[in-house]
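Trainee: Please work out how this folds:
(chains A and B)
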Amino acid sequence: MTDLFSKFDPLIQQREELLSNGVTDPFNLVMEKVESPTVAICNGRRTILLGTYNYMGMTFDPDVVAAGHKALDEFGSGTTGSRVLNGTYAGHRAVERALKDFYAMDHAMVFSTGYQANLGVISTIAGKDDYIILDIDSHASIYDGCALGNAQIVPFRHNDIEALEKRLKRIPPEAGKLVVLEGVYSMLGDVAPLQEMVAVSKANGAMVLVDEAHSMGFIGEHGRGVAEAQGVIDDVDFIIGTFSKSVGTVGGFCVSNHPKFEILRLVCRPYVFTASLPPSVVATAATSIRKLMDSAGKREHLWENSKRLHAGLRQLGFKLGTEEPQSAIIAVIMPDLETGAAMWEALLNEGLYVNLARPPATPAGMTLLRCSLCALHSEEQVGEVLTMFAAAGRATGCIS
Amino acid sequence: MSDRQQIYSRTLELIEPFNKKGMPITEATRFAQDLEWDSLTVLDFVANVEDEFDVIISMNMQAEIETVGQLADALVRLTAGK
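Mentor: Next comes the predicted model:
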């Protein structure tokens, strides 16, 4: 018998080698208690959270939590059904209304996760003989959406406007074309040149889908994302987003002004063939989204945090993913996985949690310590974070 | 350009800058196993081939192309009628 697991042997070996040095497993951390959006207890120690994507700190918002309690009491723990059968409750409609109001768009469709939103929309709207043109650094859920469908997949170099344009011009003009972009790329925290890319896509007859998972709530005047900030949101056909970052719960969505959009509810398999979100989740999401509409002060503080951390880390001598802070993600580039894991553990021992990101999730085989800031991190906390980075960096030899 | 020999020669020239180990290239040379190209190298190489021949080689097509010879064959098909 061939052991189907033998294909994982190289990864098993790499993990064993890494852990045999006594380093804490970076992919097996348990949050024993969560005190707030910015602090948890890990291994019995008070730990500042700097890798949660909880950008707007809504997870403990009293109104949000109260809405969840109320829905749990009134509608029960789960729907046990698909959106198209018994799984659409008043709360699902209410959260879709909240999204339409938030984005000022005609249609909103809520999925059980952000992953499923990309999987469902991309695989359904781009069929056989259509083309999907996507940035090479796209998120796994975008690639999996491509793999689930039958379209021709054409990648282009990250954020390269000319490379996108060349490919669009070579595709037969009569073919259906979907350009897939992200507002903020989550590994390095860099922003896409959407203004130019959307214009080039439209000029060549393509529809445009933008994943704004990492920008919702704080980029753009109304927090609608990078497309809003760069003034092209009206030319974007589909925006994909998630409830698991700024909104502070779980779930995914697509908003659009396409007149035929609603038909997706019947033809999109990752929407149809799964249970809908629990009532408490959609209630917390709806409350959070409506509060995010009016969070200009928090947005400003989040930008200040991002700028302060970026400048501080650079001053300490760390190599960062972007020259300037472009989002609430600051990526610290590590020389290799071993150093990255050692640095990650040293930070944890100091009382700081960040994400250790490594290939294949990262571009160009990089190992990253990815920091994501929260609007509720105080100025003092960002100062503490920098002190901990300095100590851990010197202990591991990352900085001198 | 539809002559296969011509396409094959041009393909070899395009491989050269990415052939870091100086491997001898034949029709049977495999991009992943023999040249050990990673996904970014593949992207750069494919972009150069696409620019040179003014074609699109989608990821679906790339999945079917393992060897240098298969790439030349695909380019013959893609450039036919140009």
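
Trainee: how about stretch A:33-41: buried residues?
Mentor: A:34, A:37, A:38, A:39, A:40 (16 or more other Cβ atoms under 10 Å in any protein chain shown). Backbone N, C-alpha and C define where each C-beta goes, glycine included.

Trainee: got the contact list for it?
Mentor: With contact meaning Cβ atoms under 8 Å, 6 or more residues apart in numbering or on different chains, stretch A:33-41 is reached by A:31-32, A:46-49, A:52, A:54, A:57-60, A:248, A:353, A:374, A:376-378, A:381.

Trainee: Are any of these buried, and if so which?
Mentor: By neighbour count, with 16+ other Cβ under 10 Å, the contacts of stretch A:33-41 hold A:47-49, A:52, A:54, A:57-59, A:248, A:353, A:374, A:376-377, A:381 as buried.

Trainee: from those residues, which ones fall inside strands?
Mentor: Those of the buried ones among the contacts of stretch A:33-41 mapping onto strands are A:47, A:48, A:49, A:353, per DSSP state E.

Trainee: max-length helix in chain A?
Mentor: helix A:296-316 (DSSP state H).

Trainee: Show me which residues of that helix are buried.
Mentor: For helix A:296-316, the neighbour count (16+ other Cβ under 10 Å) marks A:298-299, A:301-303, A:305-306, A:308-310, A:312-314, A:316 as buried.

Trainee: Kindly export the helix or strand following it (C-alpha atoms) in CSV.
Mentor: Note on helix A:296-316: by DSSP states H and E, the next helix or strand toward the C-terminus is strand A:329-334. Extracted C-alpha coordinates of strand A:329-334, given in CSV (Å, rounded to 0.1, in the frame of the first residue of the first chain):
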residue,chain,number,x,y,z
ILE,A,329,0.2,45.6,8.4
ILE,A,330,4.0,46.1,9.1
ALA,A,331,6.0,43.1,7.9
VAL,A,332,9.5,42.6,9.3
ILE,A,333,11.6,40.6,6.9
MET,A,334,13.7,37.8,8.6
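
Trainee: Tell me which residues are up against the helix or strand bottoming out on mean pLDDT in chain B.
Mentor: Least confident helix or strand, chain B: helix B:39-53 with a mean of 92, by mean pLDDT, DSSP states H and E. Residues outside helix B:39-53 that contact it (Cβ under 8 Å, 6+ apart) are A:136, A:155-157, A:163, A:166-167, A:170, A:363-364, B:1, B:7, B:10-11, B:14-15, B:18, B:31, B:37, B:55-57, B:62, B:71, B:75, B:78-79.

Trainee: C-alpha coordinates for the helix or strand that that helix is followed by, CSV please?
Mentor: Going down the chain from helix B:39-53, the next helix or strand is helix B:59-64, by DSSP H and E. Extracted C-alpha coordinates of helix B:59-64, given in CSV (Å, rounded to 0.1, in the frame of the first residue of the first chain):
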residue,chain,number,x,y,z
MET,B,59,-1.5,28.6,-15.9
ASN,B,60,-3.8,25.9,-17.2
MET,B,61,-1.5,25.5,-20.2
GLN,B,62,1.6,25.7,-18.1
ALA,B,63,0.4,22.8,-16.0
GLU,B,64,0.5,20.6,-19.2
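
Trainee: in its sheet, what does the helix or strand harbouring residue A:241 sit against?
Mentor: Element membership for residue A:241, per DSSP H and E: strand A:238-242. Take DSSP bridges as the rule and strand A:238-242 pairs in its sheet with strand A:207-211 (parallel), strand A:252-256 (antiparallel).

Trainee: for the next helix or strand after the last one, packing partners?
Mentor: In other words, strand A:252-256. Per DSSP H and E, the first helix or strand lying C-terminal to strand A:252-256 is helix A:264-267. Here helix A:264-267 touches helix A:114-125, helix A:269-272, going by 3 or more Cβ pairs under 8 Å, 6 or more residues apart in numbering or on different chains; DSSP states H and E.

Trainee: What residues sit buried inside the shortest one?
Mentor: Burial within helix A:269-272, assessed by neighbour count using 16+ other Cβ under 10 Å, is assigned to A:270, A:271.

Trainee: starting at the chain centroid, how far to it?
Mentor: 21 Å (Cα atoms, centre = their mean, to the nearest Å).

Trainee: Any chance you could list what contacts it?
Mentor: Against helix A:269-272 from outside (Cβ under 8 Å, 6+ apart): A:82-84, A:109, A:111, A:116, A:119-120, A:123-124, A:148, A:264-266.

Trainee: Which element, helix or strand, includes the most centrally placed residue in chain B?
Mentor: The residue lying closest to the centre of chain B (Cα atoms, centre = their mean) is residue B:71, at 4.7 Å. Element membership of residue B:71 [criterion: DSSP H and E] is helix B:68-79.

Trainee: re the thing from before, kindly format the C-alpha coordinates of the least confident helix or strand of chain B as PDB.
Mentor: Taking C-alpha atoms only, helix B:39-53 is exported to PDB below (Å, rounded to 0.1, in the frame of the first residue of the first chain):
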ATOM      1  CA  SER B  39       7.200  29.900  -9.100                       C
ATOM      2  CA  LEU B  40       8.700  33.400  -9.400                       C
ATOM      3  CA  THR B  41      11.300  32.200 -11.900                       C
ATOM      4  CA  VAL B  42       8.600  30.500 -13.900                       C
ATOM      5  CA  LEU B  43       6.600  33.700 -13.900                       C
ATOM      6  CA  ASP B  44       9.500  35.800 -15.200                       C
ATOM      7  CA  PHE B  45      10.400  33.200 -17.800                       C
ATOM      8  CA  VAL B  46       6.900  32.900 -19.000                       C
ATOM      9  CA  ALA B  47       6.500  36.700 -19.200                       C
ATOM     10  CA  ASN B  48       9.600  36.800 -21.400                       C
ATOM     11  CA  VAL B  49       8.300  34.000 -23.600                       C
ATOM     12  CA  GLU B  50       4.900  35.700 -23.900                       C
ATOM     13  CA  ASP B  51       6.500  39.000 -24.800                       C
ATOM     14  CA  GLU B  52       8.800  37.400 -27.400                       C
ATOM     15  CA  PHE B  53       6.000  35.400 -29.200                       C
END
